[in-house]
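Asker: Sequence and predicted structure below; questions after.
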Amino acid sequence: MSSFLPLISEENEALFTALNRIGPVVLSAQSSIPLPGSPDHPYLLFEPTTDPADLGTLVDWLNEGVEKLILPLSWAKDVIGSIPPERLVLLIDVANVSAVSDKVRSNVSGVLLKTTTLDLDFISSIAKFFINSSIYVLQTSGGAPTASNIRQLRGIGATLILPTSQITLEASSHRRINVADAYLASLVSDRADGLYPTVVSTETGHSLGLVYSSKESVKESIVTGKGVYQSRKHGLWRKGETSGATQDVVSIRADCDSDSLEFRVVQHGAGFCHLNRESCFTEASGLPALERTLASRLASAPEGSYTQRLFNDPKLLQSKIMEEADELCHAETKEEVAFEAADLFYFALTKCTAAGVTIADIERSLDRKAKRVTRRAGNAKPQWSSEKKEASPPAPVQPTADGPITMNTYDLSEVLPEQRAQLLRRPVLNSGAMIEKVRPIVDEVRKRGDAALLEFTERFDKAKLSSTVIFPPFAPEAMQLPDDIKRSIDVAYSNIYKFHAAQISSAPLVVETMPGVVCSRFSRAIARVGLYVPGGTAILPSTALMLGIPAQVAGCREVVLATPPRADGSISPEVMYVAHLVGASAILKAGGAQAVAALAYGTETVPKVDKIFGPGNQWVTAAKMLVQNDTDALVSIDMPAGPSEVLVIADHTANPAFVAADLLSQAEHGVDSQVVLVAVNLKPDHLDAIEHEVEVQALALERVDIVRQSIAKSNIVKVANVDEAVAFSNDYAPEHLILHLETAKDQVARVENAGSVFVGPYTPESCGDYASGTNHTLPTNGYARQFSGVNTQSFQKHITSQEISPDGLGDLGPVVATLADCEGLQAHANAVRIRLQTLQK
């Protein structure tokens, strides 16, 4: 709230700059006084004229950032209804107050009264006529008003408009009033020392600290534009005068009661606080913290680092902004939108920082946009318009309860690079958003142990349990199985055990790197492991085999198997039998994030483990990723496994029924599974035959409702040759890769990224899932670029050792000491030299 409003009536750069700091300024539309810069909050005054109002021009002024228009009564009548009331002030003189209609009075936010004298009673009576409107007064004759005049007008709720011809930066006189005297005229202090509490904030309104101001300090700040305050002990305090942490004052505002102030400043140096922090209250957070971090990185990012590349490579930064904008567009939940928006803000602010644009600059631009009265049509530019079909791949098939079961088809030769990138993505939720969803579950199990575990099991698995864990020996009746199933499990156990036993290396690796220096590496089993066996829509004893056998082969001391219970609280006999075969030390009757949390932290009955293995849905994967990053848990995971997936490469030799069966074998796992067929120059009738087989075989499945949804998210990608097919597969990095190719065996050497490869028409993925011997716990969602599937070594850790003889140290020691000196680590060097000195005696 300002004590007065200045009307710019003469050229004076220094005065204009000072006035712009303390509030809105009034400009005359009829004058052409040059200004040193754009005012922050301008009011534009139009004197009465016989010309009609030009609504288009007035709207243009508002769109360009004018805060309010001060219009004569004749014009106001013409624009009411077209310009928002909060942007209009009515210009009248004392002679035509009665001519103002109720309609005009109710459609303006204020009244500027031109008068020859400052008659307080008269002005007060007029103010009652314009209830809820701001009252401004412009005296048209007489000398400069005094501070007392300003204070009296503010006392009746009116604000004086002062032409700059009556304002000065010098001491007040009978002709001109000092700008600070005018500003301070209506300020009051409730303190005995007459000081004003002052909040100091950044340009964007984030608090830096609380100080005090005096009339002298405010005067100096207004005139110099520097942060000057009043120390209660030491007098005037010119911020940064000794520390260098100076301030440039952006604005000075009084509060609604005119008894305290806010300074908005640009803070230089280490910060406002005497502890060399930006703020006395707390460190910056959110966008201001990010802005500061990016500014620091712009100045000091290491050569060749990702951050420096972002600043120096416009194309890379453009790609990241486009990528994050696209992910934000596809986000659906509140958590997803917040997560993707944060990513977009990060890269957008990186571009701003590189261009020297601050958050304050952005906010000023937003303020100008908010002041616009008219808006553009809002249509998207052609390249983003949904009407331009080539700009994005066709919309995914929407599954229906009884419609055709079809995949989405794309021709790789016709898609743009960004569309190809979309084809490599999985139909899963953002991991960051999922982690935030599982965090409350994990926290509850960590805090409340078995009680929380039992509650979540009843809530999510619909099983009301009295205990959480089954310990061996397991009851024979819990493992009762038909003979054919038991025999099949036994054969699978034998094959998987044989393949995983061959992977173990009992002999340590020993290398003499130089005479007398012997380095070795040996393996040890991870002592305590947790094996997550999914339940839910399928019984998966195969997963228990795939996880339990390598743990058994590796020699893990404790093997805790976790699996969701059935509604009656029991565990499927198939899983119970496998737990018996692999020597499980406990079975946790729980699934989902709550099971992962129990394994990671332990509960009253659930043993804590050192590493968690096993596939699962997005909730399980998110929980695994969450706990592995918690140093209190001290637990690792096998990989961030997610929904099942398969990529099939098929050429002209492919049997349509075989291909369709392979696709469906993964599509039936869950609605979030994805299958991809890469069709190598297939003729239309061949491709039609495969799609026909997909539908026919799917309709014969009990899990057809799941298949409908997963197939609708799945793709057929047409390519011209095997080279393109293998290249696409390597970029996709599938969990399972099936090669229906004439030269299938020859192509294996070209596979760079895949969890497991199935070669030729008679190698269905199902064999790897169950009994061929390889492991089916494999990386999904593209993680095959970085992770291997589970194997025996996954359950081991490798320890290195070294033994150095006296002669060996004599040769190696000087090298080590030199390198330690180079890094400035004297104690390291001393540990070598003290031994060398002993050897020399």
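Answerer: All right, it came through fine.

Asker: roughly how far out does stretch 88-106 sit from the chain middle?
Answerer: 52 Å (CA atoms, centre = their mean, to the nearest Å).

Asker: buried residues in it?
Answerer: The neighbour-count check on stretch 88-106 (16 or more other CB atoms under 10 Å) flags Leu88, Val89, Leu90, Leu91, Ile92, Asp93, Val97, Val100, Val104, Arg105 as buried. Using the backbone N, CA and C atoms, a C-beta is placed for each residue, glycine as well.

Asker: Could you tell me whether the second one really is in a helix?
Answerer: No - when classified by DSSP: H, G, I helix; E, B strand; the rest coil, Val89 is found to be strand rather than part of a helix.

Asker: before we move on, the earlier item: kindly indicate which of the buried residues of stretch 88-106 lies nearest Lys233.
Answerer: Set against Lys233, the nearest of the buried residues of stretch 88-106 by CB to CB is Val89 (45.2 Å).

Asker: On the strand side of things, show who that closest one bridges to.
Answerer: Listed by DSSP bridges, the beta-bridge partners for Val89 are Ile70, Gly110.

Asker: cool, Val26 as well?
Answerer: Beta-bridge partners, per DSSP bridges, of Val26: Leu7, Tyr43.

Asker: What distance do you get for it to Ile161?
Answerer: 6 Å (CB to CB, to the nearest Å).

Asker: in the stretch 451-600 of the chain, which spans are strands?
Answerer: 469-470, 509-514, 517-525, 528-532, 558-563, 586-589 (DSSP state E, counting those that start in this stretch).

Asker: so which of those comes closest to Thr605?
Answerer: Thr605 lies closest, by CB to CB, to one member of those: strand 469-470, at 4.8 Å.

Asker: which neighbours does that closest one have in its sheet, and in what orientation?
Answerer: Sheet pairing for strand 469-470, using DSSP bridges, gives strand 586-589 (antiparallel).

Asker: Report the mean confidence score over the partner strand.
Answerer: If you average the pLDDT over strand 586-589, you get 96.

Asker: Residues touching it, excluding its own?
Answerer: 457, 463, 465, 467-472, 474, 530, 558-565, 569, 571, 575-576, 579, 595, 598-599, 606-607 (CB atoms under 8 Å, 6 or more residues apart in numbering).

Asker: what about the helices in the stretch 51-200 of the chain?
Answerer: For the stretch 51-200 of the chain, the helices defined by DSSP state H, counting those that start in this stretch occupy 55-63, 73-79, 102-105, 120-129, 147-155, 179-184.

Asker: Just name the most buried of those helices.
Answerer: Neighbour counts (mean count of other CB atoms under 10 Å) averaged over each of the helices of the stretch 51-200 of the chain peak at helix 179-184, with a mean of 24.

Asker: More neighbours: which of Val26 and Ile161?
Answerer: Ranked by neighbour count (other CB atoms under 10 Å), Val26 and Ile161 place Val26 first, with 26 against 21.

Asker: ok, the more buried one - contacts?
Answerer: Leu5, Pro6, Leu7, Ile8, Pro42, Tyr43, Leu44, Leu45, Ile70, Ile161.

Asker: 10 Å - rerun?
Answerer: Contacts for Val26 (CB atoms under 10 Å, 6 or more residues apart in numbering) come out as 5-9, 19, 39, 42-45, 67-68, 70, 89, 112, 136, 138, 161-164.

Asker: among the helices and strands of the chain, which has the poorest mean pLDDT?
Answerer: helix 306-312 (a mean of 80; mean pLDDT, DSSP states H and E).

Asker: could you say what helices and strands the lengthiest helix in the chain packs with?
Answerer: In the chain, with assignment by DSSP state H, the single longest helix is helix 334-354. With contacts taken as 3 or more CB pairs under 10 Å, 6 or more residues apart in numbering; DSSP states H and E, helix 334-354 sits against helix 286-300, helix 306-312, helix 314-330, helix 359-370, helix 431-448.

Asker: Please point out which parts of stretch 493-506 sit buried.
Answerer: Tyr493, Asn495, Ile496, Tyr497, Phe499, His500, Ile504.

Asker: Show me what it is in contact with.
Answerer: The contact list for stretch 493-506 (CB under 10 Å, 6+ apart) reads 521-523, 525, 542, 545-546, 548-555, 577-578, 581-582, 767, 770-776, 790-796, 798.

Asker: For the least confident helix or strand of the chain, what is the distance to the chain centroid?
Answerer: 19 Å.
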